[in-house]
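# Sharing a sequence plus its predicted fold:
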Amino acid sequence: MATVEKQSDQDSVNGGAPSSTDIPVENPATGEIIAHVPDMGADEIAAMAARARAAQPAWEAMGFEGRGRVLMNMQKWLTDNADRVIRVVMSETGKTYEDAQMADWGYGMSAFGFWPKNAPEYLADESVKTAAKLLAGKKLILRYKPLGLIGVIGPWNYPLANSFGDAVPALAAGNAVILKPSEITPLTSQVLLEGLLECGVPEGVFQIATGRGGAGAALVDVVDMVMFTGSTATGKKVMARAAETLTPVSLELGGKDPMIVMADADLDRAASHAVYYSMFNGGQTCISVERVYVEAPVYDEFLAKVMDNMKDLRNDVSTGPGASDVGSMTFPPQVDIVERHVEDAKAKGAKVLIGGKRGHEGKGGYWYEPTVLVDVDHTMECMTEETFGPTLPIMKVADTEEAIRMANDSPYGLGASVFSKDVVRGEAVARRVDAGAVCVNDALMNYMALELPMGGAKASGLGSRHGAGGIRKYCQQQAILVSKYHMKHEVHMYPYKPRTTKALQKVFGLLNGRRKSV
Ligand code: NDP
């Protein structure tokens, strides 16, 4: 499918000259065009859906064990192909070796183990008891039946973790999946498709629809459920489109995650977390630390520790393990957004302590320097809009109450973190932050617990990934009632007779209406 033009670390999935309508794929760290992929139209995507629907019943019939074996084979495949996979991720995102290793490859390894292992329990038939007296003796079952065909629409920041993190549970549940990766980063998914086929996923069960936004829109029309990760603006479009066919959606959207540093925090830990989790993956993580609120008494000391962490950060092309700390930006327009936020903050009185401009001038690629901003407030875009880049704006607040107020002053509510040596107080503060996930004395790490739901409050999304809900959403909840012991003729049925109706009313009253009013 992908046509690699120049020699890079990644292998070509398929050869052939690119056509004029193909989408060029760039290495954003260098600006080099490394491949082309087809821009698929609605007809091609409809044909894919037909293939998927033909293949899905046999996949479902393999059961949890059969599917699990195939999916777990991918863990071994990913181990055997670790360096290759990591370098393909790097080549299309510009991230460092370590960022690709930990968050893409590492997360993928966990997902390919977790879902096959836990799907049987999460999706086991549930035997249900009822208070409805008329149903005494009947067997009631709640069953999770795969929906059929799931469309996963993925973003460019984590081409393995995001897209496959959602595709694997959908597959483990017995669905076929069509993945539409971002046009910016379609290569990782091609390599994983190769792995999945090698590991025994039947043809048609997992397919990739490459293309621009239009391909994503066309996919929405032909699937039974859409899992979307990306911007809030596009998420709304996906939901509106899905409404036309009453297709359910799960949306993981943007964030503006706050960190609260309380006066009694371990400042070394808080500072290293603020720096690492704002710069990790070039700050292009939906749950990055996007803004920090520090209580006044420890503000200066915290800032000094942050600067100590920042001063030696290497922001360069990663050639392999340990070569660079912060990689390039992945999506060219994102550099403009970061620049706009920093310039807006400066114009309104903020100070840049380090960084503050585009990086790698004249060297190619898309770069913005790791940046720390102070004297910031909520009139500035860097504190209210998703920056999605290597910036760390830090605001001094009077006390914890002001920190909580500021943290909640946002249309988003994806993640948050709170730092305090008093974990009871820290947890109490965490519970007051309007976010889908809050870490105390940590940041982002909740994402690694695949047992914990991960989803956004407010404009950060709808539904969640991970945990039981992260796989049940790919299923129809089917209620089954089995009547084994029953009367030949049910008394409530035709013909209606005054005596039976009155008797039934009495019985209902006796069974249900005996509680005294309060
Ligand atoms: P988008 O939301 O625009 O795109 C996400 C995915 O949706 C891509 O595969 C995209 O395809 C596809 N898409 C675009 N338009 C449509 C449509 N009408 N119907 C269906 N699918 C569509 O995000 P971007 O990747 O462009 O990033 C923009 C912003 O999103 C960033 O600035 C950042 O703030 C946020 N973001 C959030 C992420 C998160 O993890 N929550 C991840 C990435 C970005 P294509 O790329 O081919 O256009």
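Yes, it's here. Residues are numbered from 1 along each chain as shown.

# so which helix or strand takes in the residue nearest to V201 when sequence neighbours are not counted?
Leaving aside its sequence neighbours, V201 sits nearest to V70 (Cβ to Cβ, 6 or more residues apart in numbering; 5.7 Å). In this view, the C-beta of every residue, glycine as well, is placed from N, C-alpha and C. Per DSSP states H and E, V70 falls inside helix 63-80.

# How far away from the center of its chain is the helix or strand bottoming out on mean pLDDT in the chain?
Every helix and strand of the chain was ranked by mean pLDDT, DSSP states H and E. The lowest is helix 498-512, at a mean of 91. The gap between where helix 498-512 is centred and where its chain is centred comes out at 53 Å by Cα atoms, centre = their mean, to the nearest Å.

# dump the residue contacts of the spatially closest residue to V261 that is not a sequence neighbour.
Distances taken as Cβ to Cβ, 6+ apart put V294 closest to V261, at 4.3 Å, once the chain neighbours are dropped. Going by Cβ atoms under 8 Å, 6 or more residues apart in numbering, V294 touches 261, 302-303, 394-397, 403.

# Kindly recompute the last result at 10 Å.
The contact partners of V294, taken as Cβ atoms under 10 Å, 6 or more residues apart in numbering, are 259-263, 265, 267, 270-271, 274, 300-303, 306, 374, 394-397, 403, 419.

# Name only those of the residues you listed that count as buried.
By neighbour count, with 16 or more other Cβ atoms under 10 Å, the contacts of V294 hold 259-262, 265, 267, 270-271, 274, 302-303, 306, 374, 394-397, 403, 419 as buried.

# What is the neighbour count of A58?
12 (other Cβ atoms under 10 Å).

# surely it meets P202?
Yes - judged on Cβ atoms under 10 Å, A58 makes contact with P202 at a distance of 6.4 Å.

# Show me what from the stretch 51-200 of the chain comes close to the ligand.
153-157, 180, 182-184 (Cβ under 6 Å from any ligand atom).

# give me that answer again for 8 Å
153-158, 162, 180-184 (Cβ under 8 Å from any ligand atom).

# quick revisit: is the helix or strand containing the residue nearest to V261 positioned near the ligand?
Taking DSSP H and E as the criterion, V294 maps to strand 291-295. No - judged by Cβ under 8 Å from any ligand atom, strand 291-295 and the ligand are separated, with a smallest distance of 14.3 Å.

# And the next helix or strand past that strand?
helix 296-310.

# other SSEs contacting that next one?
strand 258-261, helix 267-279, strand 291-295, strand 351-354, strand 371-374, strand 391-397 (3 or more Cβ pairs under 10 Å, 6 or more residues apart in numbering; DSSP states H and E).

# If we use 7 Å, what do you get?
helix 267-279, strand 351-354, strand 371-374, strand 391-397 (3 or more Cβ pairs under 7 Å, 6 or more residues apart in numbering; DSSP states H and E).

# now the angle from that helix to strand 391-397?
160 degrees (axes from the mean of the first three to the mean of the last three Cα atoms, to 10 degrees).

# The helix or strand following helix 296-310 vs the ligand: in contact?
The helix or strand immediately downstream of helix 296-310 is helix 332-347, counting by DSSP H and E. Yes - with Cβ under 8 Å from any ligand atom as the criterion, the ligand is reached by helix 332-347 at 333-334, 337.

# Just the closest of these to L196, please.
Q334 (29.7 Å; Cβ to Cβ).

# max-length helix in the protein?
helix 42-61 (DSSP state H).

# Show me how far it is from its chain's centre.
24 Å.

# Contacts for that helix, please.
Helix 42-61 is contacted by residues 67, 146, 148-149, 174-176, 178, 202-205, 207, 209, 215, 218-219, 222-223 when judged by Cβ atoms under 7 Å, 6 or more residues apart in numbering.

# Mind checking which of those are in helices?
Going by DSSP H, the helices hold 67, 215, 218-219, 222 from the contacts of helix 42-61.

# Save these as a markdown table, and put in pLDDT too.
Below are those laid out as a markdown table (pLDDT from 0 to 100):
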| residue | pLDDT |
| --- | --- |
| R67 | 98 |
| A215 | 97 |
| A218 | 98 |
| L219 | 98 |
| V222 | 98 |
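
# Export the residues you listed as a markdown table, with columns for neighbour count.
Listed next are the ones in helices among the contacts of helix 42-61 as a markdown table, based on neighbours: other Cβ atoms under 10 Å:
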| residue | neighbour count |
| --- | --- |
| R67 | 23 |
| A215 | 23 |
| A218 | 23 |
| L219 | 28 |
| V222 | 21 |
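
# just those residues now: which is nearest A82?
R67 (23.6 Å).

# Find the nearest non-adjacent residue to the closest one, please.
Per Cβ to Cβ, 6+ apart, closest to R67 is A172, 6.0 Å.

# Please apply the same query to G456.
Of all residues not flanking G456 in the chain, L414 sits nearest, at 4.3 Å (Cβ to Cβ, 6+ apart).

# Please report the distance of D399 from the ligand.
Computed with Cβ to the nearest ligand atom, to the nearest Å, the distance linking D399 and the ligand is 31 Å.

# Help me confirm that that residue comes into contact with Y293.
No - in this structure, D399 is not within contact of Y293 by Cβ atoms under 7 Å, at 10.2 Å.

# Which of the two has more residues huddled nearby?
Y293 (24 against 12).

# From the ligand, how far out is that one?
In terms of Cβ to the nearest ligand atom, Y293 sits 21 Å off from the ligand.

# Could you do H341 as well?
Taking Cβ to the nearest ligand atom, one finds H341 at 11 Å from the ligand.

# again, but for P498
Counting by Cβ to the nearest ligand atom - P498 and the ligand are separated by 60 Å.

# Spatially, and excluding backbone neighbours, which residue is closest to I150.
That would be A170: by Cβ to Cβ, 6+ apart, it lies 4.2 Å from I150.

# List the contacts of the one you found.
So A170 contacts 150, 152, 177, 474 (Cβ under 7 Å, 6+ apart).

# Show me which pair in those is furthest apart.
V152 and Y474 (10.0 Å).

# Before we move on, what's the pLDDT of the closest residue to the ligand within the stretch 251-400 of the chain?
As assessed by Cβ to the nearest ligand atom, the ligand sits closest to C286 within the stretch 251-400 of the chain, at 3.2 Å. Reading off the confidence values, C286 has pLDDT 97.
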